[in-house]
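In: how would this look folded up:
(2 chains)
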There are 2 protein chains.
Amino acid sequence: MKEAPAANPIERLLEATAADMAKVNALILSRADSHVEMVPELARYLIESGGKRLRPMLTVAAAQLFGRGKGSAINFAAAVEFMHNATLLHDDVVDESDMRRGKPAARMVWGNKASILVGDFLLGQAFMMMVETGDIAALGVLSAASAVMAEGEVFQLAKTGDLTTTPADYAEVIRAKTAVLFQAACEVGAMSGGADAAGRVALARYGLELGNAFQLVDDALDYGGQAGTLGKNTGDDLREGKMTLPIILALADGDEAERTTITTALGDAKATAEQVAEVVAILERHQALQRTLQQAHAHASAARQALDALPPSDMRSLLADVVEFSVLRAY
Amino acid sequence: MKEAPAANPIERLLEATAADMAKVNALILSRADSHVEMVPELARYLIESGGKRLRPMLTVAAAQLFGRGKGSAINFAAAVEFMHNATLLHDDVVDESDMRRGKPAARMVWGNKASILVGDFLLGQAFMMMVETGDIAALGVLSAASAVMAEGEVFQLAKTGDLTTTPADYAEVIRAKTAVLFQAACEVGAMSGGADAAGRVALARYGLELGNAFQLVDDALDYGGQAGTLGKNTGDDLREGKMTLPIILALADGDEAERTTITTALGDAKATAEQVAEVVAILERHQALQRTLQQAHAHASAARQALDALPPSDMRSLLADVVEFSVLRAY
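Out: Numbers count the residues shown, from 1 in each chain, chains lettered A, B, ... in the order given. Okay, the predicted model is just below:
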């Protein structure tokens, strides 16, 4: 296990965006409000439960990178966070998740029905905030992201437990369900910061690659990361039957007995900790977690390279460091 | 039971909007497409299942009423239908409905999870179609409608089985969950048709009141309508615990025994046909269905009055006739 860098880049990003994020957070709270009591109760429970707000921070940071803020970055950042939280509410219903951010998932407190409908409300509010900017081009980026994200979730659902899932299928799932929102968050940030076409493309690419790296790391962490450290939630993806890259690689390379061990546990909500440990041992035997993290590193490099097209600045360096940190989580 | 008018206004509306609706229907089909097979399968199952497409027809008709079509009415009409279908997919999950438009609900064929996610996809596609028009003002109308609709659904959920629900609560629920989309459909139609401010306000009012009348009639029909005719789906709202106006009125006016009969069946998914018949008898005793339909008539009158602000035309007359027809369904 490597040492974390002395100055955590996420902390530095928090500091660099603090003034704008204070506005974003105020906007988030005010737009989660409603005369229907259950709406703010549920929305705030999720929103205030200690998520990092990485996506809206990226929007604000991307706008700052180009300097000429039009103020619309605040609205876009809040909209991006609402889109993300709407997705979390619906995902937790779809995945039948009990926990989120270390607390019982909203659906365990208010039920699946309220989670679905408050998700819809947050999505509607997100679009209202975007519309208020009057920036139709940025609206196009975010509305396309919204459709692609849902498409990616359906694709993932369709592939659940499907042993024929390929690495290319997986790459499409994580691009659509995760990376596209990182991409849109960075792209609309750049747009509202006054970026030219090249700057917009660079930030879009940065966000996309960062998002891909982020999800690959998440999927490795679900099996304990590089160290294969078993924790309370290790194997959630396995029990849900999610065809993530570690499983796809191990199924391709494993022998008959190993394949049987994996497929027996895959999609079995009641798979035991012992079964998970056996699967993790197989993943390690075939270096499946290591190879997954190698792919994350490749995307992380691509994200940093995208920034090279831009003039050097403190914010550019910081955004490059954020990439590295997002991958180091796995070690 | 009155005779239906010789020329059914919905048929006449279909005829008057046929050319534009052919374009709308083609757009709907193309935008329900996706490389993820489950998306078009599920979406088309619902979309092609014989809904009347009343909302998009109203958008197109409102644009025609003002004549100077900018072409964007086609996009808005398709977007409105997608918003409506997204809501149906989510509502059927929330209400645990087995049937929709005379067929098994999509969730019975593809499951709740796919229904939630394809609903999200349709909503994303709806916003993309709106964005393509470049009409930020109309986008504002529709995005606000989207948030209010979800809020209304949450409010209805919160009031499920709540015996203290007032007629004002109910009015708020139906305005938000149903009438606001009718309002937005007509308003953006008018906007894309080149209406001036007065025309836009008139059509928004027309749509709102038509939507209110429409939902009141639906809620009376759920108990058999004016005639109290018992059918296969009679009492669905009762079994789901929905606090619709007939129940609110009967609870207010009924004696202790009647209230007990109602509250015993209310929210009991297994309430028998006999229990439903007893509740319908109580509703009739207190003229609860008749009074509900009187309110529908009042909203229908308001809808027609809203049109009076506009110059006479064939389309204006047709839109007025559509209101009457929507209320006559209950007889």
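In: C-alpha from now on. contacts and neighbour counts both.
Out: Noted.
In: quick check: neighbours of the lowest-mean-pLDDT helix or strand in chain A in the sheet, parallel or antiparallel?
Out: For chain A, counting by mean pLDDT, DSSP states H and E, strand A:99-100 ranks last in confidence among helices and strands (a mean of 88). Sheet pairing for strand A:99-100, assigned by DSSP bridges, gives strand A:103-104 (antiparallel).
In: same question for the helix or strand following the strand it pairs with, mean pLDDT?
Out: Using DSSP states H and E, the next helix or strand after strand A:103-104 towards the C-terminus is helix A:106-133. For helix A:106-133, the mean pLDDT works out to 96.
In: and if you look at stretch A:285-298?
Out: 97.
In: give me the buried positions along that stretch.
Out: A:286-297 (16 or more other C-alpha atoms under 10 Å in any protein chain shown).
In: and what of stretch A:84-97?
Out: So, applying 16+ other C-alpha under 10 Å, buried residues of stretch A:84-97: A:84-94, A:97.
In: now, which of those residues sits nearest chain B?
Out: Taking C-alpha to the nearest C-alpha as the measure, chain B lies nearest residue A:94 of these, at 5.0 Å.
In: list the contacts of the closest one.
Out: B:112-113, B:116 (C-alpha atoms under 8 Å, 6 or more residues apart in numbering or on different chains).
In: I'd guess it is in a helix, am I close?
Out: Yes - using DSSP: H, G, I helix; E, B strand; the rest coil, the assignment for residue A:94 is a helix.
In: would you say residue A:203 is within a strand?
Out: No - Residue A:203 is assigned helix when assessed by three-state DSSP, not a strand.
In: about what we covered before: near chain A, from the contacts of residue A:94?
Out: B:112-113, B:116 (C-alpha under 8 Å from any C-alpha of the partner chain).
In: chain neighbours aside, what residue packs nearest to residue A:181?
Out: residue A:145 (6.0 Å; C-alpha to C-alpha, 6 or more residues apart in numbering or on different chains).
In: and that neighbour, how many neighbours?
Out: Around residue A:145 sit 26 other residues, with neighbours defined as other C-alpha atoms under 10 Å in any protein chain shown.
In: quick check: it vs residue A:171, distance?
Out: 16 Å (C-alpha to C-alpha, to the nearest Å).
In: contact partners of the least confident helix or strand of chain A?
Out: residue A:105.
In: helices of the stretch 1-150 of chain A, residue ranges please.
Out: According to DSSP state H, counting those that start in this stretch, the stretch 1-150 of chain A carries its helices in the segments A:9-16, A:18-31, A:38-47, A:54-66, A:72-95, A:106-133, A:136-159.
In: same for the longest one, what does it pack against?
Out: Think helix A:106-133. helix A:38-47, helix A:72-95, helix A:136-159, helix B:72-94, helix B:136-159 (3 or more C-alpha pairs under 8 Å, 6 or more residues apart in numbering or on different chains; DSSP states H and E).
In: so for the helix or strand following the third one, what gets flagged as buried?
Out: When you say that, I think you mean helix A:136-159. Using DSSP H and E, the helix or strand that follows helix A:136-159 in sequence is helix A:167-174. For helix A:167-174, a neighbour-count test (16+ other C-alpha under 10 Å) marks A:167, A:169-170, A:172-174 as buried.
In: near chain B at all, helix A:167-174?
Out: No - counting by C-alpha under 8 Å from any C-alpha, chain B has no neighbours in helix A:167-174; the shortest distance is 10.5 Å.
In: stretch A:243-253 now?
Out: No - on the criterion C-alpha under 8 Å from any C-alpha, stretch A:243-253 is out of touch with chain B, staying 15.9 Å away.
In: roughly how far is that stretch from the heart of the chain?
Out: Centroid separation for stretch A:243-253 versus its chain: 21 Å, with C-alpha atoms, centre = their mean, to the nearest Å.
In: CA atoms only for that stretch - export them in CSV, please.
Out: Presented in CSV, the C-alpha positions along stretch A:243-253 are these (Å, rounded to 0.1, in the frame of the first residue of the first chain):
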residue,chain,number,x,y,z
MET,A,243,-20.6,-8.1,-15.0
THR,A,244,-17.7,-5.9,-14.1
LEU,A,245,-14.2,-6.2,-15.6
PRO,A,246,-12.6,-8.3,-12.8
ILE,A,247,-15.3,-10.9,-13.3
ILE,A,248,-15.2,-10.8,-17.1
LEU,A,249,-11.4,-11.3,-17.1
ALA,A,250,-11.5,-14.1,-14.6
LEU,A,251,-14.3,-15.9,-16.4
ALA,A,252,-12.2,-15.7,-19.6
ASP,A,253,-9.0,-17.0,-18.0
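In: residues contacting that stretch, please?
Out: A:156, A:159-163, A:165-167, A:170, A:216, A:219-220, A:237, A:258-259, A:262, A:282-283, A:286, A:288-289, A:291-292.
In: swap in stretch A:170-184?
Out: With C-alpha under 8 Å, 6+ apart, stretch A:170-184 has contacts from A:55, A:58, A:80, A:84, A:141-142, A:145-146, A:148-153, A:155-156, A:203-212, A:215-216, A:243-245.
In: before we move on, back to that, any chance of the helices and strands packed on helix A:106-133 in CSV, plus distance to residue A:65 and mean pLDDT?
Out: Output for those, formatted as CSV (distance: least, C-alpha to C-alpha, whole Å; pLDDT from 0 to 100):
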stretch, distance to residue A:65, mean pLDDT
helix A:38-47, 26, 92
helix A:72-95, 12, 96
helix A:136-159, 17, 97
helix B:72-94, 35, 96
helix B:136-159, 27, 97
